[in-house]
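Trainee: Sequence unavailable; structure follows:
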């Protein structure tokens with residue numbers, strides 16, 4: 001086979017790569033926009049959450065969505 005499938009990836013590997021890319025393109029921007037529009041967070045908390053999401057994209061977005069959204073401003 002010539003083309004994309006010569007990289008040694010099977011169909012399941014390609015599905016996982018596509019899932020990772022789609023989640024990166026959907027979850028991370030959603031977490032950032034949700035952080036920015038949150039009324040429960042102070043400006044400094046928003047800044048720290050966005051930095052965390054950008055440094056550790058998957059972990060930061062998931063942690064924010066499950067825990068950060070429930071935080072109250074100090």
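Mentor: Cool, got the structure. Note that the structure is predicted; figures quoted are calculated from it, not measured. Residues are numbered from 1 along each chain as shown.

Trainee: Let's check: the centremost residue of the chain is which one?
Mentor: residue 28 (2.9 Å; Cα atoms, centre = their mean).

Trainee: That one and residue 43, how far apart?
Mentor: Distance of residue 28 to residue 43, computed by Cβ to Cβ, to the nearest Å: 21 Å. Every residue, glycine included, has its C-beta placed from N, CA and C.

Trainee: on that earlier part again, element containing the residue nearest to the centre of the chain, please.
Mentor: helix 11-37 (DSSP states H and E).

Trainee: by how many degrees do the worst-scoring helix or strand of the chain on mean pLDDT and helix 11-37 diverge?
Mentor: Every helix and strand of the chain was ranked by mean pLDDT, DSSP states H and E. The lowest is helix 57-66, at a mean of 88. Here the directions of helix 57-66 and helix 11-37 differ by 50 degrees (axes from the mean of the first three to the mean of the last three Cα atoms, to 10 degrees).

Trainee: so how far is helix 57-66 from its chain's centroid?
Mentor: 6 Å (Cα atoms, centre = their mean, to the nearest Å).

Trainee: same question, stretch 47-55
Mentor: 11 Å.

Trainee: any idea of the mean pLDDT for that stretch?
Mentor: The average pLDDT for stretch 47-55 rounds to 95.

Trainee: what stretches of this structure score poorly on pLDDT?
Mentor: 1-7, 71-74 (pLDDT under 70).
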